[in-house]
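S.K.: kindly return the folded structure for what I paste below:
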Amino acid sequence: MHRIGHWVLYIGIVLTVGGLIGGGVMIVSAGYAPAPLIALVPFGFLLTFTGLCMVVLHGPRSSDQAAPPSQRPHDD
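M.R.: Below you'll find the model as predicted:
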């Protein structure tokens with residue numbers, strides 16, 4: 001899930017930035033309706049937020065890792 005979260009996060013960022021840049025270029029040129037590319041922005045934001053949540057919730061935690069031998073308590 002952690003790796004899938006990274007992929008979803010990257011895809012969401014690409015869609016959001018692509019929609020913002022492409023939609024802005026279409027609005028300036030005003031050759032045709034910019035709705036298809038601007039519609040990618042909310043979808044990209046949704047994927048970005050979902051990917052971020054997956055990475056944070058399913059990522060490794062410091063408490064899950066074993067302590068190094070120098071920090072383990074001694075059983076003397």
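S.K.: residues near residue 7, how many?
M.R.: Using other Cβ atoms under 10 Å, the number of residues around residue 7 comes to 12. To be clear about C-beta, it is placed using only N, CA and C from the backbone, and glycine gets the same treatment.
S.K.: for the chain, which element, helix or strand, carries the lowest mean pLDDT?
M.R.: Every helix and strand in the chain was compared by mean pLDDT, DSSP states H and E; the lowest is helix 35-38, with a mean of 75.
S.K.: can you give me the buried ones in the very next helix or strand once past that helix?
M.R.: Remark: after helix 35-38, the chain's next helix or strand is helix 40-58, criterion DSSP states H and E. For helix 40-58, the neighbour count (16 or more other Cβ atoms under 10 Å) marks 40-41, 44, 47-48, 51-52, 54-55 as buried.
S.K.: kindly report the same for stretch 14-24.
M.R.: In stretch 14-24, counting by 16+ other Cβ under 10 Å, buried: 15-16, 19, 22-23.
S.K.: I'd say residue 39 and residue 19 touch.
M.R.: Yes. With contact defined as Cβ atoms under 8 Å, residue 39 and residue 19 form a contacting pair (7.2 Å).
S.K.: other SSEs contacting the lengthiest helix in the chain?
M.R.: Longest helix in the chain, counting residues (DSSP state H): helix 2-29. In terms of contacts (3 or more Cβ pairs under 8 Å, 6 or more residues apart in numbering; DSSP states H and E), helix 2-29 is packed against helix 35-38, helix 40-58.
S.K.: related to what we said a few turns ago, in JSON lines: the buried residues of stretch 14-24, plus distance to residue 5 and pLDDT.
M.R.: Compiled in JSON lines, those are given as follows (distance: Cβ to Cβ, whole Å; pLDDT from 0 to 100):
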{"residue": "15", "distance to residue 5": "16", "pLDDT": "91"}
{"residue": "16", "distance to residue 5": "16", "pLDDT": "91"}
{"residue": "19", "distance to residue 5": "21", "pLDDT": "86"}
{"residue": "22", "distance to residue 5": "26", "pLDDT": "80"}
{"residue": "23", "distance to residue 5": "26", "pLDDT": "76"}
